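Trainee: Need a 3D model of the following:
(2 chains)
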Number of protein chains: 2
Amino acid sequence: MRDFSSNHSALALNTATLGHNVEGAGAGWSPEQVIDGCAKRGYGGIVFWRRELGNNAAKLGRLSREAGLEVVGLCRSPFLTGPLTLADDQAIMDDFHQSIDEAAELQTSVLTIVTGGPEPGTKGMSESQKVLIDRVARAVPYAAERGVRLALEPLNPAMAGNRTCLMTAADALNVADEIGSENVGIAIDVCHVWWDTTLTDTLLGRAQGRILGYHLCDWLADTSDIMLDRGMMGDGVADLKAIRSAVEGTGYQGLCEVEIFSANNWWKRDPDEVLDTIVERFRDCC
Amino acid sequence: MRDFSSNHSALALNTATLGHNVEGAGAGWSPEQVIDGCAKRGYGGIVFWRRELGNNAAKLGRLSREAGLEVVGLCRSPFLTGPLTLADDQAIMDDFHQSIDEAAELQTSVLTIVTGGPEPGTKGMSESQKVLIDRVARAVPYAAERGVRLALEPLNPAMAGNRTCLMTAADALNVADEIGSENVGIAIDVCHVWWDTTLTDTLLGRAQGRILGYHLCDWLADTSDIMLDRGMMGDGVADLKAIRSAVEGTGYQGLCEVEIFSANNWWKRDPDEVLDTIVERFRDCC
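Mentor: Predicted coordinates for the structure are as follows:
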């Protein structure tokens, strides 16, 4: 491991960046190894995925904090709308509540919501956003009792067929306005919003105090796969400094969470190399 | 061929829908066969691609009109920004002028512009939009002399890495405003803009008389390829009637141009079946 002299305490690792236990990715590191790898480099935080927790949410949360890492969030709610949801409202809400329970066990204050796409049989987004608003609003009291805030994450419009009905920060803020709870905010992910020429105006104008998560990566000019070919910061065309400036211009003081899905590049590399590269790029490009 | 009793004169075929001479697609129909297939079904118009014209632009335009088809447009300008352009400004502008010449030879009044993405070495869109504005503005007099209008087409943000620096109708209108010529408008393509929850407001508020082309297809919920898996109208999740209503609410009286890139489905089917299906779906879903 190289020696990095500067302070990286604003940096958090989303474990997806090491392939989060996808077969063959991240050299098969366990969550404990990932915690150790981040801690010894001076990362400030970590974000887990539900699939990694098993029955160990409380333990992994404790190990992270003991290693000096804040548990910045949990990925993610089940899909709440669209063709990829569980069978019915009861099953969806049960799993939504369970994801809130897991966030509480981790002792993290943020659960990220990936909404899901248009409801089967509907066209466009308006009907689906109504369903989304209803389901999130019903979960808010349950989450609030457990100290968990809900972060609505807009996804790249490329995923609007079945994975999201929020395509922009403005969409997410509009839905949050309808829900009308201080417990509901938004998450900003570079790969999902980098293209939005109105982003800075939207964030500075409407998102004061409402950003609950900031996710870093880059958008490669020749992105080969919308889901699994995200770039390392500096390798793409997103204006990372402008986006961070807008995010922090809203008063956001949370960590910068690196989340890179990269099946054919970063997931295949030595996790030590990935974690080192993130530190370098965070210092130079973000 | 089935008998369709209603009038389909508002329908135009973009030849890409039959694979436009991609090896093995569209049963290898020649442009003349495509003209005949559209005419005998009562289509009102046709749109060609430059690759199909060879030295026959004037002839294909004449054959189309003799068959009762309006030549609605030509696809497309060369990329004007980003990593996929020709070598330098001179080469780009020469090819841009040549595409205008070909539109004039076809006797169509609209050339569609697909802009290209972020300029190499830049981040985000602002620098690239300046380059775009400069290059389009320089071509406007040349186009105007030849009776050709330029339609700025926003593309789905999924393509913003290297194929577009206009992601929304508002982006395209902003750039058109900067150019400030009545000869420059926008093109609205369902697959590129269907997800935009502000689309109707943008078009009704700002696009009166400025839409030069309306492209029909659908967005499949489980789109497998951003470029080449477009859906037939009715098979996806776009609100086609709402989009058409907004487009026509701007005063647009042009044709509805069906443009479906579908390497693994519609391009593999019998062109007669494709042309029949379009007529049915246009009547029922659009």
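
Trainee: Pull up the residues of the stretch 51-200 of chain A that are close to chain B.
Mentor: A:82-83, A:117-118, A:122-126, A:156-158, A:160-162, A:167-168, A:170-171, A:174, A:194-198 (C-beta under 8 Å from any C-beta of the partner chain). (Each C-beta comes from the backbone N, C-alpha and C, glycine too.)

Trainee: buried stuff in the lengthiest helix in chain A?
Mentor: For chain A, the longest helix by residue count, based on DSSP state H, is helix A:126-145. Within helix A:126-145, the residues scored as buried using 16 or more other C-beta atoms under 10 Å in any protein chain shown are A:127-133, A:135-136, A:139-140, A:143-144.

Trainee: what about stretch A:180-188, distance to the chain center?
Mentor: On the basis of C-alpha atoms, centre = their mean, to the nearest Å, stretch A:180-188 sits 14 Å off its chain's mean C-alpha point.

Trainee: my bad, should have said stretch A:50-59
Mentor: Relative to the centre of its chain, stretch A:50-59 is centred 17 Å away, using C-alpha atoms, centre = their mean.

Trainee: Quote the end-to-end distance of that stretch.
Mentor: 14 Å (C-alpha to C-alpha, to the nearest Å).

Trainee: What lies in contact with that stretch?
Mentor: Stretch A:50-59 is touched from outside by A:15, A:20-21, A:31, A:60, A:74-76, A:99, A:102, A:105-107, with contacts defined as C-beta atoms under 8 Å, 6 or more residues apart in numbering or on different chains.

Trainee: Identify the farthest-apart pair in those.
Mentor: A:Asn21 and A:Gln107 (21.6 Å; C-beta to C-beta).

Trainee: follow-up on the earlier one: if any of the residues of the stretch 51-200 of chain A next to chain B are buried, put those into a PyMOL selection.
Mentor: Selection of buried members from those for PyMOL, criterion 16+ other C-beta under 10 Å:
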select buried, chain A and resi 82+83+117+118+122+123+124+125+156+157+158+160+161+162+167+168+170+171+174+194+195+196+197+198
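
Trainee: Looking at the residues of the stretch 51-200 of chain A next to chain B, which are in strands?
Mentor: Among these, no member falls in strands (DSSP state E).

Trainee: all helices in the stretch 101-250 of chain A, in order from the N-terminus.
Mentor: For the stretch 101-250 of chain A, the helices defined by DSSP state H, counting those that start in this stretch cover A:126-145, A:169-179, A:190-193, A:199-206, A:240-249.

Trainee: Columns mean pLDDT on top of the ones you listed, output as CSV?
Mentor: Listed next are the helices of the stretch 101-250 of chain A as CSV, based on pLDDT from 0 to 100:
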stretch, mean pLDDT
helix A:126-145, 98
helix A:169-179, 98
helix A:190-193, 98
helix A:199-206, 98
helix A:240-249, 98
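
Trainee: Among those, which comes closest to A:Leu11?
Mentor: It's helix A:240-249; of the helices of the stretch 101-250 of chain A, that one is closest to A:Leu11 (C-beta to C-beta) at 12.1 Å.

Trainee: That closest one to helix A:199-206, inter-axis angle?
Mentor: 10 degrees (axes from the mean of the first three to the mean of the last three C-alpha atoms, to 10 degrees).

Trainee: and the next element down the chain from helix A:240-249?
Mentor: Where DSSP states H and E defines the elements, the next helix or strand beyond helix A:240-249 is strand A:256-258.

Trainee: Other residues contacting that next one?
Mentor: Contacts of strand A:256-258 (C-beta under 8 Å, 6+ apart): A:10-14, A:17, A:45, A:47, A:72-73, A:213-217, A:233, A:244, A:278, A:282, A:286.

Trainee: Identify, from the contacts of stretch A:50-59, the entry nearest to chain B.
Mentor: Ranked by distance to chain B (C-beta to the nearest C-beta), the contacts of stretch A:50-59 are led by A:Arg76 at 19.9 Å.

Trainee: which one is that closest one nearest to, not counting chain neighbours?
Mentor: If the residues on either side of it in the chain are set aside, A:Arg76 comes closest to A:Thr112, at 4.5 Å by C-beta to C-beta, 6 or more residues apart in numbering or on different chains.

Trainee: what do you get for A:Ser262?
Mentor: Distances taken as C-beta to C-beta, 6+ apart place A:Arg230 nearest to A:Ser262, at 5.6 Å, with adjacent residues excluded.

Trainee: now swap in A:Gly124 and tell me
Mentor: Nearest to A:Gly124 is B:Asp239, by C-beta to C-beta, 6+ apart, at 3.3 Å.

Trainee: So that neighbour sits against A:Ser128, correct?
Mentor: No: judged on C-beta atoms under 8 Å, B:Asp239 makes no contact with A:Ser128 at a distance of 11.1 Å.

Trainee: The lowest-mean-pLDDT helix or strand in chain A: which residues count as buried?
Mentor: When the helices and strands of chain A are scored by mean pLDDT, DSSP states H and E, helix A:50-53 comes last with a mean of 93. Buried residues in helix A:50-53, counted by 16+ other C-beta under 10 Å: A:50, A:52-53.

Trainee: try stretch A:200-207
Mentor: Buried-residue list, stretch A:200-207, by 16+ other C-beta under 10 Å: A:200, A:202-203, A:206-207.

Trainee: Quick check: A:Cys75 touching A:Ser99?
Mentor: No: A:Cys75 lies out of contact with A:Ser99 (C-beta under 8 Å); the separation is 9.3 Å.

Trainee: quick one, which of these two is more surrounded?
Mentor: Neighbours per residue (other C-beta atoms under 10 Å in any protein chain shown) separate A:Cys75 from A:Ser99, with A:Cys75 holding more: 28 against 23.

Trainee: Excluding chain neighbours, what is closest to the more buried one?
Mentor: Closest to A:Cys75 by C-beta to C-beta, 6+ apart is A:Trp49, at 4.7 Å.

Trainee: Could you check the pLDDT of that neighbour?
Mentor: pLDDT for A:Trp49: 96.

Trainee: Then the one 10 residues further on?
Mentor: A:Lys59 is assigned 98 on the pLDDT scale.

Trainee: Count the neighbours of it for me.
Mentor: Neighbours around A:Lys59, by other C-beta under 10 Å: 15.

Trainee: Repeat that for A:Ile260.
Mentor: For A:Ile260, using other C-beta under 10 Å, the count is 29.

Trainee: isn't it right up against A:Thr15?
Mentor: No: look at A:Ile260 against A:Thr15 with C-beta under 8 Å: they stay out of range, at 10.9 Å.

Trainee: just to revisit the earlier point, by how many degrees do the longest helix of chain A and helix B:240-249 diverge?
Mentor: Going by the same axes, to 10 degrees, helix A:126-145 makes 110 degrees with helix B:240-249.

Trainee: B:Gly180 is nearest to which of the helices of the stretch 101-250 of chain A?
Mentor: So among the helices of the stretch 101-250 of chain A, helix A:199-206 is nearest, using C-beta to C-beta, at 22.4 Å.
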